[in-house]
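Enquirer: structure, please.
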Amino acid sequence: MVLMDSLYYKKKNGVIKDVLVAESKWNTSRLGRSGKHKAIKQMSQEWVLRTMNKLIKKMPSQTYTTLKRFIENNQYRARLFRLKPKSHNTIQISIYKIKNKGLKAFSEIKDRQLHLYQ
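Expert: All right, here's what the predicted structure looks like:
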């Protein structure tokens, strides 16, 4: 089963108020496509909804059903995290806001380098 890499939500007074869907890619890896004729782009609203349906079918939950309603109503945020090696001990992490759920536009919002020590 293919799922999004991360699904986050915030609650206020026990009620879900904010939903974030995130995908991570390493180096030059690209977002994929699925469905008939590979017409559905990974992280598009349609892809996220199909993925939520699979998740709900496998692990039914009122929380997942509520999160799905947020996605159906286009009331969620989507982010792409791109990790690229820069040297033997440095990784660049770029975070992209997916401006529309059809993935026609990205906007880089953060770019950081993480130094790894051995």
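
Enquirer: so where do the strands sit in the protein?
Expert: 6-12, 15-26, 33-34, 40-41, 77-87, 90-98, 106-115 (DSSP state E).

Enquirer: roughly how far apart are the nearest residue to residue 66 once chain neighbours are set aside and residue 53?
Expert: Excluding its sequence neighbours, the residue lying closest to residue 66 (C-beta to C-beta, 6 or more residues apart in numbering) is residue 16, at 5.4 Å. All C-beta spots, glycine's among them, are computed from the backbone N, C-alpha and C. Counting by C-beta to C-beta, to the nearest Å, the separation of residue 16 from residue 53 is 18 Å.

Enquirer: can you check residue 74 too?
Expert: 17 Å.

Enquirer: more crowded one of those two?
Expert: Neighbour count, other C-beta atoms under 10 Å: between residue 74 and residue 53, residue 53 has more, with 12 against 9.

Enquirer: isn't that one up against residue 68?
Expert: Yes - counting by C-beta atoms under 8 Å, residue 53 touches residue 68, with 7.5 Å between them.

Enquirer: list the contacts for residue 32?
Expert: 41, 42 (C-beta atoms under 8 Å, 6 or more residues apart in numbering).

Enquirer: for residue 73, phi and psi?
Expert: Main-chain torsions, residue 73, degrees, to the nearest 10: phi -90, psi 10.

Enquirer: tell me the spacing between it and residue 88.
Expert: Distance from residue 73 to residue 88, by C-beta to C-beta: 46 Å.

Enquirer: swap in residue 57?
Expert: From residue 57 to residue 88 the distance is 44 Å (C-beta to C-beta).

Enquirer: same check, this time on residue 49
Expert: 41 Å.

Enquirer: same check on residue 26?
Expert: Counting by C-beta to C-beta - residue 26 and residue 88 are separated by 16 Å.

Enquirer: so between those two, which is more surrounded?
Expert: Neighbours were counted for residue 26 and for residue 88 using other C-beta under 10 Å; residue 26 has more, 11 against 7.
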